[in-house]
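Colleague: build me a model from this:
(4 chains)
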Amino acid sequence: MKIDRRSFLAFGVGGAVGTAITPLPWKLMDDSSIWSQNWPWTPVPLDGAINYQPSVCTLCKGGCGINVRKIDDRPVKIEGLKANPINKGGICLLGLSGLQLLYGEDNRVKSPLKRVGKRGSGKFKKISWQQAITEMVEKLGAIRLKAQSHTLACISETELGTTASLIGRFMTAFGSKNYIRTPSFLDSLEAAILKTTGTSAAQVAFDFENSDYILSFGSGLLEGWGSPVRMFMANSALEDKKGTLAQAEPRLSNTAAKADKWLPVNPGTEADLAFSMCAVIIQKALYNTNFTAAATGLEGFKSFVTANYAPEKIAKSTGIKAEVITRIATSFAKAKNPVAVCGKGSGDTPGSLKESLAIVCLNALVGNINKKGGLWLTSEPDYIKWPEFINDDASTAGLQKNRIDSAQSGKYKDTRFLLNNFADAVLDDYEYPVNALMVYRANPMYTMPDSEKVKKAFEKIPFVMSFSSYMDETALYSDLILPDHVFLERYEDIPFASGYTKPYIGLARPVVDPLFDTMNTGDVIIQIAKRISNSIAGAFPWKDYETCLKETLGSMWAQLESQGFMTDQSYTPPSTVNFTFPDKIADAPAIEGDRGKYLLTLVPVDSIRINCGYIANPPFATKTVDDTVLFENDILVEINPATAKSLGLRDRKKAVLETPKGKASVRVFITDGIMPGVVGMPKGLGHFGYDSYIADKGVNVNALIGSLEDPETGLDAAWGIRAKLSPA
Amino acid sequence: MSDSDEKNGQSGIITLFFILGFIGSLLLGWIIFPELLYSKKEQPVAFNHALHNEEVANGCESCHFFREDGTFSGVPKLAQCVECHEEPIGVSEAELTFVTDYVAKGREVPWLIYSKQPDMVFFSHAAHVKMGKQDCVTCHGHIGESTSLKPYEENRFTGVSRDIWGGNIAGISMDSWDSMKMSDCDKCHKELTGRQTSVQTQRDACFVCHK
Amino acid sequence: MKDFHEKKYGMVIDLDKCTGCGSCMVACMSENNVPFKEDETKKRLSITWMKVYKFTNGKSFPETEVCYLPRPCMHCEGHGGHSPCVSVCPATATDYSTETGIVSQIYTRCFGCRYCMGACPYHARYFNWWDPVWPKGMEKQLSPNVSPRMRGIVEKCSFCYHRLQLAKEKAYSEGRREVRENEYQTSCTQGCPAGAITFGDLINPKHEVYKLKKDQNAFRLLERLGTNPKVYYISSREWVRRAGDNYLAHEKTGKKQNH
Amino acid sequence: MDSALIPVGVKRCSFPKFMLLLGAAGAVLAWGVFAMLLIWIKGLNQTNMNDYYGFAIWIWADLAVIAIGGGAFFSGFLKYIVGKDELKNIINYAVLLGFICYSSALLILAIDIGQPLRGWFIFWHANVHSMLTEVAFCLTCYFIVLTIEYLPLVLENRKLDKIPFFHNLTHNMHETMAVFAATGAFLSFFHQGSLGGVAGVLFGRPFAFREGVLIWPWTFFLFTWSAAAFGPCFTILATKILEKVTGKTLVKFNVIDLLARISGWMMLTYMIAKIADTAYWAFVLAPSKGFDVGFFYTNNEFYGWWILILELVICGIVPALILVTKKGRASKTALTTAVVLAVIGVCLNRWVMVLQVMAVPVMSFDTWATYCPSWQEVATTILPVAYAVILIAISYRYLPIFPQEAELNPIAPEEALADEQESTEETADVAGAEPAAQT
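Modeller: The predicted model follows:
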């Protein structure tokens, strides 16, 4: 009797037979699949009670109402707020992606930071709010001690609303006039309105909802222009009533694609086209005589346009046939409620005064200024009524100095802000150096044209402070970051929806407790103000921002708090306008660059899918971007097949794009949706701040284009630049 | 020993080993394996359903209620408990633990949920209780009459509560509340609703209970 | 003949109104826990349950015209619920419901053979080539109403079925069996700023989609294949309607096969 | 060294030389296994497949190996059912090739699915409407049959055969082999067909879709027919390769000739059916869906008319015509050319029915999809080849695969005599279908 191999074999066979009739193998097989169905590394969202909280989106100037869906205290989705009059429940993709801008930890500035490495190196150290505010107080206090209050500057996206007003008030109390707002097409329109009606500080709005003919000169009405969701709805309304949209633009943008008529116009000749249409309307006597009778200067205007802008004369330069110009002008004039609109792309470049004047005149000729479906002149909200305060000697002295950007005095006394002069002013020490810069809700390092110059200017400013919630390009170049809450974490009054006709105030409310160690910029300003000097402290009698906001809104607070917005839908503008037609118009500056050396014209391409403002495009939005715009990390520029053929370029292949401002590696996308000779380059790409989901994708078009001073307003009149494109 | 004896002895040994292997594997599979497969955890706070049931007016729904939107709240949140237990009621140890560790600190109790289904399951209490008029016991058993909470057992491999598969390792259930597998749902759906909305299975459609 | 559906949910998308803004895509992603990667430019590896196609009339400058076409899952009925994908799934992971007309996809049943993807001419089905990974902090955005998917399985648009589940819960708790038209709307429908998408029960005469699908300019994609989809499109442009299906050069747009 | 294991009456290369071959094949195998593990651990992102190309090189490889493995069922069918007894001299090898092909196919399927741990759902939660379900069931069953058919061959190893239990088992299994062969033929008819059905039922894919009878599209029958026709060509080709490698004639010409002739006629009839099917599809079916047949072969970088000509004419009609003529079969070059072309042809057909199907856009505004496999896909596709080399090498060395080998390659008399005696003794009670040569 011995135990041998066969015994073990028998044991094994017995074990196998036995195992087969136990649950072990079967349960394990089942469990292994259940395991694969519930992999521990695949997240399981926590369940809870669904609740909604209404608020207002501040990611762009649209002012849309949002409804935030939460699971218990955790926001999980942003939806449009049905009750809001602007967006009526609709929402754009940026708003929908908003939670990514809340939760994306790697993009957020999670506490006050002080720079420790070189500028732009991204090396910061965490400091406490106490330290941060002390740092600010010391830096700014030192400037005041040296009687250089005026050398403090501030760049912000807006001058409206309580927070911006607090900053503005701080600047004034501190002794600096250098509060600079980032530009918008409304700046130029404002100048045109001032010139033709004498009305200053008028807000220009367009009554698209009631218009039956929209004639747009390069406005990306469906590309993020104005209040985007409102524009989409207006377009659908136009579709429903079988109205007409005509789009003059060198590229077949979404707006042009939806237009009933696309007029591919040579870049830079849009104003000529508009004046030519004026000429047609005048020639055919299609203008609104009621309006023109009440207006002055029609004769001078008549002779000016007929002499210079007869369709036959400008057909060649604009690239639009004379009969097309005549036909469009005629149908425009014959429409019941036509409206002409300007502001290229998403409207963040002012453009030339000539262009704004041209469309104001077009609107005037058809008599639709302040009329149903036309161009409206509304007034800025005026609920912010804070007590006067007394400046001390330091601030009085500072306020004597001219602005660094040359606005509001001399040649450009009627222009309020000229950010386009800022970089030159810093680099050339116009009148005085900029010793400190505060940046609030802006990312000038990214959004200003001629990035190289802007970077140099920033490097020259001894102290840069950013209130950014995100590690954007400007924050990266700052010495101190005092991060604001993001829009879902704070109160904020939004008194404005770009291009909207009715008075409107929205209230953004905290829908979630601040996720990180951030502070409302309003509070930061109040705290700094209270500590720099008594006189400045005197201008800020409020305990904190929330108190200030409630006091400021006064009786409106209750309604804003409960509803999220206030509006007067019955508002109509004053029906009489004292309009004066201009009799001569200065030419806009020519597109920058040598036509001999640079054979093409580069135009920036705005898209609703890529936010090009101070907030970078969140991952969801970028995910929707076509591979004809961005492929891997390469940006694609659009060119016409004819252009491609002449330059020997192949579709999707690499090329080098060069302009007087710089050079970039790109790929080309060959499409019939763009004029020959024009290169379309997407805006909003090429960030180098933020995390890897946002940064290093493509090239920032602003690095390749510069700004051009409008001779009358000083505003940036540029839209595009001469360029050349060669195979890589 | 003769040759044949040896042969017999040898085959006897082989048979013995076979039986040893057979019995051993049976023991392993039926007794040891289930022990190893599940981890055991006590609930963070000793809870007496029976006692609470006597105190409340509305039975189970007093604490496990429907929200206004028709969704079911499930295991109560601390805020609900605090409505009565702001201060300790009575002097039991569990009560003290509960008040000092959770109520005072404002910390949610990490209850271990026996009937927690994996994430892919959508279960509508409203459909079953409000529309279907099912009682709680059908699926949850007599937990409402229990004076203490049994230890929570979790499948180490899948992370799913043992109550889903059921206590019986072979997956056999005697009472309707013994297990909560898909086949259990399906059985009842077939018997009670008889719906055949799934083209593929001729049973209830998949998107009734899955999300 | 009486329709074998209890409800037949479907969509009508007005291409005259669609501006190609992409809101529907993000509305879908943010509603349905759709994952995203650092690089989403390889579109054939990019999960977009709702995808906006852009195509032209093929004419050269300046006669070029563009159409944007949002493409969710078509929830094909095929013949008697045997849609192209449902009929081929070997593990019954995708199914057709006669209660709603919705083609379901059960992620935990799917074992990733991808046959359904090959079967779908609309490319509405997407495979999870990678484990879904959310950048730090972003997993907090995940909604508990939709189960996140694991690597190795196919997913697709569900017509936001979870919204019907929630709407039903509400109805039941109010003692109703019927869910109202406005109680069950997909996320893309709700989010579309142009109001181009309408959703509802295609066989309920009271629903908006019932009327819209009868529009003279309404068409469906690839009708000639017999997929019998539940998403209708409306376009006033003939070339767009023609692009909705395949035609021989001599055929007139809208010529239908007999089935 | 391993002479005790080598069959009686034949000569084999030296053991180190043999190990060298195994080592080389083993290295390739290891590379494939590494790629396979990468794919299992990291997932299918290791491939170059995408959402348009969900079916790619693996499914092609699956279809192709099963088609060429068709030699097993068809030879079995011919031998056991039709009664072509000569084929006993090649049937072992056909079975071995079949076993390799089918096990490879199953392995590739296991790699190809995104959730291998849930692979068994295809059986447990089977959807009877799905062609893939039919494939999985029949494939698995037939694989079991092939294992049963291969097993007695293994047990016939000189050493194993000495164990009485194994010896008797082998004998009994040979007795019943006809039953298994019949089962195999039946199962094969269905799974070869259902593999054809995989593409043919895709009514959303007008390039692949075919009408048919009941639930089976024409491709169902075409696939079965083509596997039966082309499979034996691969058996012949693999025999030719082995003969080349070993430098011996292993099968008598009459056996090859018979198989080639049957294969040739099968191919010819298949080609007629295939051309009829293609014509109906091109002129009736596809146009009825709005497709001009030219669309499928133009406007893209790869798929041109050439592929149709190559498949139907050069790798279809040409080899068929060679094989049906006596002269063609008699010429060594012609025969080899024909079987090579035939194997390419059937593989190309499977390629077209998978990869071109995926490439063709269906929506008018969609674009052609292109795809190029990643190294991981290539490695895992080559893995079965290395595996096949190893298994063939081992089987050939140690098992009496070719009954005619000893006769065709007589070895030195004294050696032979010793072996002969032994083998005669041992095989005395093994009657019937015993393939060992008894002269």
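Colleague: please name the nearest non-neighbouring residue to A:Gly522.
Modeller: Distances taken as C-beta to C-beta, 6 or more residues apart in numbering or on different chains place A:Tyr545 nearest to A:Gly522, at 3.2 Å, with adjacent residues excluded. (C-beta placed from N, C-alpha, C; glycine too.)
Colleague: who are the contact partners of the one you found?
Modeller: A:Thr162, A:Thr163, A:Leu166, A:Tyr491, A:Asn520, A:Gly522, A:Asp523, A:Ile526 (C-beta atoms under 8 Å, 6 or more residues apart in numbering or on different chains).
Colleague: name the nearest of those relative to chain D.
Modeller: A:Asn520 (43.4 Å; C-beta to the nearest C-beta).
Colleague: make sure the closest one is actually in contact with A:His485.
Modeller: Yes - the pair A:Asn520 / A:His485 is scored as a contact, 5.6 Å apart, by C-beta atoms under 8 Å.
Colleague: within range of chain A, give me the residues from chain B.
Modeller: Contact residues (C-beta under 8 Å from any C-beta of the partner chain) of chain B with chain A: B:6, B:9-10, B:13-15, B:17-26, B:28-30, B:33-34, B:37, B:67, B:69, B:71, B:73-74, B:118-120, B:155, B:157-160, B:169-171.
Colleague: tell me how far D:Pro410 lies from D:Pro7.
Modeller: The gap separating D:Pro410 from D:Pro7 is 14 Å, by C-beta to C-beta, to the nearest Å.
Colleague: burial count for the nearest residue to A:Gly224 once chain neighbours are set aside?
Modeller: Excluding its sequence neighbours, the residue lying closest to A:Gly224 (C-beta to C-beta, 6+ apart) is A:Ser346, at 3.7 Å. Residue crowding around A:Ser346 was assessed by other C-beta atoms under 10 Å in any protein chain shown; the count is 29.
Colleague: then the one 10 residues further on?
Modeller: Other residues near A:Ser356 number 31, with proximity taken as other C-beta under 10 Å.
Colleague: and what of the one 10 residues further on?
Modeller: Close neighbours of A:Val366, defined as other C-beta under 10 Å, add up to 30.
Colleague: residues contacting it?
Modeller: So A:Val366 contacts A:Ile281, A:Leu286, A:Tyr287, A:Asn288, A:Phe291, A:Phe332, A:Ala333, A:Ala335, A:Pro338, A:Gly374 (C-beta under 8 Å, 6+ apart).
Colleague: of the contacts of A:Tyr545, closest to chain C?
Modeller: Each of the contacts of A:Tyr545 was checked against chain C using C-beta to the nearest C-beta; the closest is A:Asn520, at 20.7 Å.
Colleague: tell me the contacts of that closest one?
Modeller: By C-beta under 8 Å, 6+ apart, the contact set of A:Asn520 is A:Thr163, A:Asp484, A:His485, A:Arg490, A:Tyr491, A:Tyr545.
Colleague: at 7 Å what do you get?
Modeller: If you count contacts by C-beta atoms under 7 Å, 6 or more residues apart in numbering or on different chains, A:Asn520 has them with A:Asp484, A:His485, A:Arg490, A:Tyr545.
Colleague: per-residue pLDDT of it, please?
Modeller: Note on A:Asn520: pLDDT of 97.
Colleague: what's the answer for D:Met1, then?
Modeller: With respect to pLDDT, D:Met1 has a value of 64.
Colleague: before we move on, back to that, go through the contacts of A:Tyr545 and flag which are in helices.
Modeller: A:Thr162, A:Thr163, A:Leu166, A:Gly522, A:Asp523, A:Ile526 (DSSP state H).
Colleague: switch those over to CSV; also include distance to A:Ile127 and neighbour count.
Modeller: What follows is the ones in helices among the contacts of A:Tyr545, written out as CSV (distance: C-beta to C-beta, whole Å; neighbours: other C-beta atoms under 10 Å in any protein chain shown):
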residue, distance to A:Ile127, neighbour count
A:Thr162, 27, 23
A:Thr163, 22, 27
A:Leu166, 23, 27
A:Gly522, 20, 26
A:Asp523, 17, 22
A:Ile526, 19, 23
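Colleague: let me know the closest of the residues you listed to D:Phe165.
Modeller: Of all the ones in helices among the contacts of A:Tyr545, A:Asp523 has the smallest distance to D:Phe165: 89.9 Å, by C-beta to C-beta.
Colleague: in the chain, where is pLDDT below threshold?
Modeller: Answering for chain A, as no chain was given. Along chain A, the parts satisfying pLDDT under 70 run over A:1-2, A:201.
Colleague: nope, chain C please
Modeller: For chain C, residues meeting the criterion pLDDT under 70 lie at C:1-2, C:255-259.
Colleague: quick one, strands of it?
Modeller: C:9-14, C:51-56, C:66-71, C:94-96, C:103-105, C:125-127, C:154-156, C:197-201, C:218-220, C:231-234 (DSSP state E).
Colleague: most tightly surrounded among those strands?
Modeller: With neighbours taken as mean count of other C-beta atoms under 10 Å in any protein chain shown, the strands of chain C reach their highest mean count in strand C:103-105, at a mean of 28.
Colleague: for A:Pro582, helix, strand, or coil?
Modeller: Judged by DSSP: H, G, I helix; E, B strand; the rest coil, the three-state class of A:Pro582 is coil.
Colleague: cool, A:Ile3 as well?
Modeller: Per three-state DSSP, A:Ile3 ends up coil.
Colleague: show me the contacts for it.
Modeller: Listed by C-beta under 7 Å, 6+ apart, the contact set of A:Ile3 reads B:Ile13.
Colleague: try C:Gly22
Modeller: A:Leu93, A:Ile608, A:Arg609, A:Thr624, C:Val52.
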